[in-house]
Every structure is written in C-alpha cells, then in structure tokens.
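Q: Could you work out the structure for the sequence below:
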Amino acid sequence: MKNENTKSLVSCIALIVCGFSAPVAVAQSKVPNILSEAPVSDIVVDVFGQLNYGLMYGDSGDGSEHFIVDNDNSGSRIGAKLKGNLDGTDLTIGAHVELGYQQNPSSKVSLEERSISGEFKERHLNIFVSGDFGKVSLGQGDGAANGNIERDLSGTGVISWTNPALVGGSLDFLDAATNTRVGLGAAMSDQDFESRYSRVRYDPPALGAFKPVISQGIRGEDNVTEVGVRFSGQLGGKFEGALGYSVRNVGGVADDFETLGGSLSWLHDTGINLTGAYSTTSDDDPANPDADFYLAKVGYKVGKHAFDIHFMKTEDRVEKGDSAETVGVGYVFTPIKWFEAYAGYNNHSLDRAGADFKDIDTVLIGGRLKF
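A: Have a look, this model is predicted:
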C-alpha cells in the first residue's frame, strides 16, 4: 500500500514505537489537542510487534528449492492499542491500529517467484467503546467468527497452524502425464470464515464460560454477517473451543456463500493435548461443490518445549471428489517469553479420479521474536 493514508499511518506507528518502549499512561495534558479537549483522563498506549522469519524447503512435481520467508502462520507486524476511561462514566474508548509487513510470505513464494517485495497491509484499523453493555467496534478488524476454526492449546501454532497452506501454498500439485497443476492453497484450506474486513462488531458481556460475538460489514464488494461464540474451562486440565457461522452475499447464481464450523482443544495437566476442528462451506450454485475440512492433532508440552503430530483433510474444494491431505509434525522451543524457535515438516497429497498428482513436501525452520 503506497497511498498517502498508509504513509501517514506508518509514520504514526513509527512515532509511537520511538516514544514508548512499554505500555505507558499518557497524561491528558500531553496528548494532542483533539484528545485533550475530550473528557478522557488518561490514555494507555500499548505498542507491540513481531518479526517471524524462517528457511523453507519445498519439493513438488516441478522440482525443489529453498526460500527465505516470512512465516505466514503468524506474519511480521507492528501495531498499537490505545484506550482511556471517559470521565464521569463507566465507559472506555480506544483504538486498535495494526499493520502487517511481509517480505517473501511463505504462502506466496514459488519456484517461479522466490523473492517478493514487502508492503504494509492493514490488519486492524478500528475504534471501540466498551462498558457494562459489552464492547462495540467500528472499522477494519476481525469478524465475529474469525479464528474459531483455530483454537489450539498445543503451543505449536507458529509452525503447525490449522491452515497448512500458509507454508508452501503457492507450490503446485502436478500430474505429469496431463501437465495438470493444482495449487496447494487452492486445494487445502481450514476455511476459517471471513477473516478481517470493515465491520461493526458487537461483543456482549460473557454468559458464564461463553463469549458470544456478532458482526456485520463489507468484504470487497460483498456484504458479510457473522456470529460466533468461544468458551473455555477446566476438565482434567484446560480446554477451550469455539463455534461460528458466516454468510457472504456474493451475488449471481451462487448468491450466499456460507461457512459453518468450530474447533476444540484440550490440554491435560500432564502436558498431553488434543485438538480437533471442522468446517464446511456451501453456496447456491449447484455447479460449486460443498467443501469440508477436518483436523486432528496430538501434542505434548513440557517446560519450554512443545511437540505435535497432525492430520488435516479438505474435500471437494476445487472439484467434486478431490481429497487433499496433510500429515506433519512440529516442534517449538521457547527459551524466553519473547522468542520462539521452531521446526516442522508437512507432506501434502491430492487425490482426484483419473489423475496422479505428485506429493508436495515442505520443511520450515525459523524463529519468532515479539516486542
């Protein structure tokens, strides 16, 4: 993004990073006039960011190559969260500003394009007000169901994310006999709802262990409505889960594109953990097959170490009868709170009647530093 608004936003974040190395309270007299005239006593500014780079190896029917990548499981970013209490009320107002910046995203590099220039892309640009009624957010940000296919207590999400196509997604399955190619990212996806877009989002007060959310907005030219709920608790350890539903009006014969699904993860006191997820997508066009995604994951956490073995499957995503599968392992070492080192391997396969696609193998070794 190279427009003036983006440049201004980047400049603002850079100034915040230079001025604050940790969350601080800014006195009213020190904030700009536009804020000092409002009845807000203090504004708390929390600056954050991360860099996440690795060495990726990919092997497909077109050959093999190594890449230096930004790990798209949790891409590099920078941002700030601001909030303050409105004097004489129980209200809090604030904003969430966050930009991603990725050079050589692991989901986009390919044998033909190993180097991709980075650019700033908005992740969150929204304001909010919260109180006893809950929280209302307005602007670019997470839809109500975003992430609800991806609840995971294994500690290996940075390398074994729910969507395996985020590493090597632009590599192709190849049927050499017919020279037919199908992209890994096209055939395999966790179908995690509508991600981030311009929306109005309402988070009501929690209902015990349940946290419901609803949002309505615009993604591209399409109207989007989402509902979701997350829940957590204790049962021989910790568990957390989520359910969600989204509908995007795409128009034409397809009309409404719907996604339904959820995930559940359980971490036993011994460190053993289990995670499962399911999603399904459909529309009104009979020529478009409904697609289903399944995940099963077994992990173990001990001290600074986390391991996992996972299996994922997406059916009918490109053509009716397609079955894309991923089997892999991951390891994460967290020597200090703000740094993780990781390594992982995935084998991807695609089965289609009348075709013989070569598997895709990916290896990623890297590290994520948070600040």
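
Q: quick one: contacts of the helix or strand containing V200?
A: Assessed by DSSP states H and E, V200 sits inside strand 196-203. With contact meaning C-beta atoms under 8 Å, 6 or more residues apart in numbering, strand 196-203 is reached by 123-124, 134-144, 146, 211-219, 224. From N, CA and C alone the C-beta is placed, and that goes for glycine too.

Q: Please spell out the ChimeraX selection for the buried subset of those residues.
A: Filtering the contacts of strand 196-203 down to the buried ones (16 or more other C-beta atoms under 10 Å) takes a single ChimeraX command:
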select :123,124,135,137,139,140,141,142,143,144,146,211,212,213,214,215,217,219,224
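
Q: Looking at the contacts of strand 196-203, which are in strands?
A: Applying DSSP state E to these, the entries found in strands are 123-124, 134-142, 211-219, 224.

Q: re the thing from before, list the buried residues in the strand holding V200.
A: R196, Y197, S198, R199, R201, Y202, D203.

Q: ditto for stretch 62-70
A: Judged by neighbour count (16+ other C-beta under 10 Å), stretch 62-70 contains these buried residues: D62, E65, F67, V69, D70.

Q: The fourth one contacts P105, doesn't it?
A: Yes - here V69 reaches P105: they are 6.8 Å apart, a contact under C-beta atoms under 8 Å.

Q: Now list whatever residues contact both of these two.
A: Common neighbours of V69 and P105, counting by C-beta under 8 Å, 6+ apart, are absent.

Q: A176 - nearest residue in space that isn't next to it in sequence?
A: G61 (6.1 Å; C-beta to C-beta, 6 or more residues apart in numbering).

Q: what's the burial count for that neighbour?
A: Using other C-beta atoms under 10 Å, G61 is surrounded by 17 other residues.

Q: Equivalent analysis for P286, please.
A: The burial count for P286: 8, using other C-beta under 10 Å.

Q: For burial, what's the neighbour tally of G208?
A: By other C-beta under 10 Å, the residues close to G208 number 7.

Q: how about it, what does it touch?
A: Contacts of G208 by C-beta under 8 Å, 6+ apart: none found.

Q: tell me the phi and psi of it?
A: Backbone torsions of G208, given as degrees, to the nearest 10, read phi 70, psi -120.

Q: Could I get the contacting residues of the nearest residue to L235 once chain neighbours are set aside?
A: Counting by C-beta to C-beta, 6+ apart, W266 is the residue found nearest to L235 once chain neighbours are left out, at 7.1 Å. With contacts defined as C-beta under 8 Å, 6+ apart, W266 is in contact with L153, L235, G236, G237, K238, F239, N273, L274, T275.

Q: Take the residues you listed and, keeping just the buried ones, write it as a ChimeraX select command.
A: Buried residues within the contacts of W266, by 16+ other C-beta under 10 Å, are selected in ChimeraX with:
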select :153,239,273,274,275
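
Q: Quick check: L295 touching T275?
A: Yes - the pair L295 / T275 is scored as a contact, 7.0 Å apart, by C-beta under 8 Å.

Q: residues shared between the contacts of these two?
A: Common neighbours of L295 and T275 (C-beta under 8 Å, 6+ apart) are S263.

Q: Specify the beta-bridge partners of the closest residue to I272 other than its chain neighbours.
A: The shortest distance from I272 to any non-neighbouring residue, by C-beta to C-beta, 6+ apart, is to Y300 (5.6 Å). Beta-bridge pairing of Y300 under DSSP bridges involves I272, F307.

Q: OK, contacts around Y300?
A: Contact analysis of Y300 by C-beta under 8 Å, 6+ apart lists G271, I272, N273, A306, F307, D308.

Q: wait, the first one sits on K301?
A: Yes - shown here, G271 and K301 form a contact pair, counting by C-beta under 8 Å, at 4.3 Å.

Q: more neighbours, these two?
A: Comparing G271 with K301 by other C-beta under 10 Å, the one with more neighbours is K301, at 21 against 16.

Q: Was I right to think that one contacts S154?
A: Yes - if you go by C-beta under 8 Å, K301 and S154 touch, sitting 7.1 Å apart.

Q: list residues touching both of the two?
A: Listed contacts common to K301 and S154 are L267, N273; contacts here mean C-beta under 8 Å, 6+ apart.
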